[in-house]
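Sharing a sequence plus its predicted fold:
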Amino acid sequence: MAIDKDTVKYVANLARIALEPGELEKLSQQLVDILGFIGKLKKVDVEKISPTSHILAINNVLREDEPRGSLPAEKALMNAPCKEENFFVVPKVIE
């Protein structure tokens, strides 16, 4: 697929991006290179390769999920700039 300066200029206009003439030439060439690389990737036979979510065989280290006591309301509200009973008071956002 050929990407010329007119196509880049059109897409830049749709995206509301202002490009200089030198940038148009550079960007159109970069897009041609990117699409060429994608074309090479499409030719690779991946039929026998299983899908992966990550290229490295790593696992996330997680702690055991054990129930424990929650933070007491007095301690949670200790530094609150404005509170009412056991609640934070915040300014109204929706009119």
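Nice, I can see it. Numbering: from 1, shown residues only.

Tell me where the longest helix sits in this protein.
Ranked by residue count and defined by DSSP state H, the top helix of the chain is helix 21-42.

which other helices and strands contact that one?
Contacts defined by 3 or more CB pairs under 8 Å, 6 or more residues apart in numbering; DSSP states H and E place helix 21-42 against helix 5-14. The C-beta positions use only the backbone N, C-alpha and C, and glycine is treated the same way.

Identify the residues contacting the helix it packs on?
With contact meaning CB atoms under 8 Å, 6 or more residues apart in numbering, helix 5-14 is reached by 18-19, 24-25, 27-28, 31.

Next: stretch 66-78.
Contacts of stretch 66-78 (CB under 8 Å, 6+ apart): 83, 86, 88.

circling back to that earlier point, what are the buried residues along the longest helix of the chain?
Neighbour-count burial for helix 21-42, counted by 16 or more other CB atoms under 10 Å, picks out 24, 27-28, 31.

And it, how far out from the chain middle?
22 Å (CA atoms, centre = their mean, to the nearest Å).

Begin at 804 from now on, thanks
Done: numbering now begins at 804, and the last item shifts to helix 824-845.

Among the contacts of stretch 869-881, which one sits closest to residue 846?
Using CB to CB, residue 891 comes nearest to residue 846 of those, at 58.6 Å.

Specify the beta-bridge partners of that closest one.
Counting by DSSP bridges, residue 891 forms beta bridges with residue 886.

Check the gap between it and residue 877 for me.
13 Å (CB to CB, to the nearest Å).

More neighbours: these two, which one.
When neighbours are counted by other CB atoms under 10 Å, residue 891 comes out ahead of the other of residue 891 and residue 877, with 11 against 8.

contacting residues for that one?
880, 883, 885.

and these, which are buried?
With burial judged by 16+ other CB under 10 Å, the buried subset of those is residue 880.

could I get the contacts of residue 891 as CSV with pLDDT?
CSV is the format used below for these (pLDDT from 0 to 100):
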residue, pLDDT
880, 94
883, 93
885, 93
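
List just the nearest of the contacts of residue 891 to residue 838.
Nearest to residue 838 among the contacts of residue 891: residue 883, at 55.0 Å, using CB to CB.
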